[in-house]
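**Student:** the following block contains a protein sequence and its predicted model.
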Amino acid sequence: MTAVTLLALVATLAWSVVVVVLCRRHAVSDAGRRFFGHPSATRGLAVLLFLVTTAICAPLLTPYRPFEQILGLQDRPPTWLHPLGTDFIGRDVWSRLVYGARISLGVGTLGMVLAVSVGALVGASAGYFRGRADALLMRCVDVGLSVPRIFLVLASIALWGKIGVSALVLLLGFTGWFATSRIVRADVLSVRERPYTDAARALGVPPWAIVLRHVLPNAAASIIVSAALGIGNMMLLEAGLSFLGAGVQPPNPSWGNMIADGRDQLGTAPWSTLFPGLAIALAVMALNATGDALRHALDPRTPES
């Protein structure tokens with residue numbers, strides 16, 4: 001690791017901490033004060049911001065390309081030049097870890113955005129129209145929740161063969177919306193009977209416009225919390241699939257396939273699997289802490305700290 005790379009890493013860490021501290025100090029809304037009043041909010045958000053910034057600025061923070069092999073340096077322990085060591089074919093673990101954050105965080109985030117979008121649409125439709133539409137959609141949700149998700153994903157991959165990153169995002173998104181739809185439906189059933197929705201119906205506003213303009217915005221708190229907590233689950237699922245060889249395919253680095261690459265050298269080069277595993281744990285804990293703080297902040301019954 002060069003001095004420039006180290007300086008860039010320290011600057012990234014300092015920037016993440018400063019941004020979170022400034023946001024906490026200048027939080028003026030009730031929700032903002034409740035969010036930063038949660039004991040895990042500041043730490044979780046700082047770690048999450050650091051990971052995201054590191055992934056975005058990967059070329060500035062890594063001395064090597066993620067595919068670059070260094071001849072004669074296989075399974076070397078951490079040193080100044082290779083702070084996290086090298087793997088079994090001489091690739092720098094730090095460089096692969098940082099570039100792998102792009103894929104692991106990106107797949108988890110995009111997959112959850114897709115899942116939340118589909119779940120919000122299905123849940124809003126079921127809760128607003130009720131009747132036969134509600135019964136049909138909720139029975140579909142019951143079927144989806146009754147089948148283990150990993151089984152659905154592996155069955156789909158078995159039918160299609162090995163898939164790319166884009167197809168993996170679609171697969172995770174379209175198998176992860178069932179729980180969100182139930183949450184949104186419960187909120188919509190309550191919002192549907194509010195006076196402003198009755199007034200909109202009386203004025204002849206189309207049902208789709210009522211759902212988009214009046215119903216879903218009032219269910220946004222539940223959707224945001226569900227998304228924040230669900231990204232960590234998406235990342236764990238992607239890591240498990242990549243470890244099994246059914247997710248992100250080499251040579252593209254992801255934290256899951258980095259663990260798979262180093263599992264045979266666990267006794268002689270544990271750093272190849274240790275650091276990707278720690279990165280997954282750190283990211284998931286930060287996401288869960290931020291999600292808990294968001295739930296605390298967006299609940300109107302929560303008193304101000």
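**Tutor:** The structure has been received and is ready for your questions. Numbering: from 1, shown residues only.

**Student:** packing partners for the helix or strand bottoming out on mean pLDDT in the chain?
**Tutor:** The helix or strand of the chain with the poorest confidence is helix 216-218; it has a mean of 78 (mean pLDDT, DSSP states H and E). Packing contacts for helix 216-218, counted by 3 or more C-beta pairs under 8 Å, 6 or more residues apart in numbering; DSSP states H and E, involve helix 178-191. Glycine gets a C-beta too; all of them are placed from N, C-alpha and C.

**Student:** distance between the very next helix or strand once past the helix it packs on and the chain's centre?
**Tutor:** Tracing the chain C-terminally past helix 178-191 and defining elements by DSSP states H and E, one meets helix 195-202 next. Going by C-alpha atoms, centre = their mean, to the nearest Å, the spacing between the C-alpha centre of helix 195-202 and its chain's C-alpha centre is 36 Å.

**Student:** using CSV, write out every CA atom in helix 195-202.
**Tutor:** The C-alpha coordinates for helix 195-202 follow below in CSV (Å, rounded to 0.1, in the frame of the first residue of the first chain):
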residue,chain,number,x,y,z
PRO,A,195,-60.9,11.5,5.0
TYR,A,196,-58.5,12.7,2.3
THR,A,197,-58.8,9.5,0.3
ASP,A,198,-62.6,9.7,0.6
ALA,A,199,-62.4,13.3,-0.7
ALA,A,200,-60.2,12.2,-3.6
ARG,A,201,-62.6,9.5,-4.6
ALA,A,202,-65.6,11.9,-4.3
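
**Student:** thinking again about what came up before, list the buried residues in the very next helix or strand once past the least confident helix or strand of the chain.
**Tutor:** Remark: after helix 216-218, the chain's next helix or strand is helix 220-244, criterion DSSP H and E. Buried residues in helix 220-244, counted by 16 or more other C-beta atoms under 10 Å: 221-243.

**Student:** swap in stretch 39-52?
**Tutor:** Buried positions in stretch 39-52, judged by neighbour count with 16+ other C-beta under 10 Å: 40, 41, 42, 44, 45, 46, 47, 48, 49, 50, 51, 52.

**Student:** stretch 125-133 too?
**Tutor:** 125, 126, 127, 128.

**Student:** the nearest residue to residue 19 once chain neighbours are set aside: which element?
**Tutor:** Excluding its sequence neighbours, the residue lying closest to residue 19 (C-beta to C-beta, 6 or more residues apart in numbering) is residue 49, at 6.3 Å. Per DSSP H and E, residue 49 falls inside helix 41-56.

**Student:** likewise residue 137?
**Tutor:** helix 131-146.

**Student:** need the residues that contact the helix or strand that that helix is followed by.
**Tutor:** On the C-terminal side of helix 131-146, the closest following helix or strand by DSSP H and E is helix 149-160. By C-beta atoms under 8 Å, 6 or more residues apart in numbering, the residues outside helix 149-160 that reach it are 144, 163, 167, 171, 172, 175, 176, 237, 240, 241, 246.

**Student:** same check, this time on stretch 222-229
**Tutor:** 112-113, 116, 119-120, 179-180, 183-184, 187, 216, 287-288, 290-292, 294-295, 298.

**Student:** any low-confidence regions in the stretch 201-305 of the chain?
**Tutor:** Per-residue confidence for the stretch 201-305 of the chain (pLDDT under 70) gives these ranges: 299-305.

**Student:** one more pass at 80, please.
**Tutor:** Along the stretch 201-305 of the chain, segments meeting pLDDT under 80 span 201, 207, 211-219, 221, 298-305.

**Student:** kindly report the same for the stretch 51-200 of the chain.
**Tutor:** 71, 160-162, 192-193, 196, 198.

**Student:** next one: the longest helix seen in the chain to chain centre, how far?
**Tutor:** In the chain, with assignment by DSSP state H, the single longest helix is helix 93-129. With C-alpha atoms, centre = their mean as the basis, helix 93-129 stands 6 Å off its chain's centre.

**Student:** can you get me a residue count around the nearest residue to residue 178 once chain neighbours are set aside?
**Tutor:** For residue 178, ignoring the flanking residues on the chain, the nearest one in space by C-beta to C-beta, 6+ apart is residue 144 at 4.0 Å. Applying other C-beta atoms under 10 Å, we find 17 residues neighbouring residue 144.

**Student:** ok, now how distant is residue 144 from residue 155?
**Tutor:** 13 Å (C-beta to C-beta, to the nearest Å).

**Student:** and if you look at residue 197?
**Tutor:** The gap separating residue 197 from residue 155 is 40 Å, by C-beta to C-beta.

**Student:** residue 194 too?
**Tutor:** 42 Å.

**Student:** distance between the ends of stretch 246-256?
**Tutor:** 10 Å (C-alpha to C-alpha, to the nearest Å).
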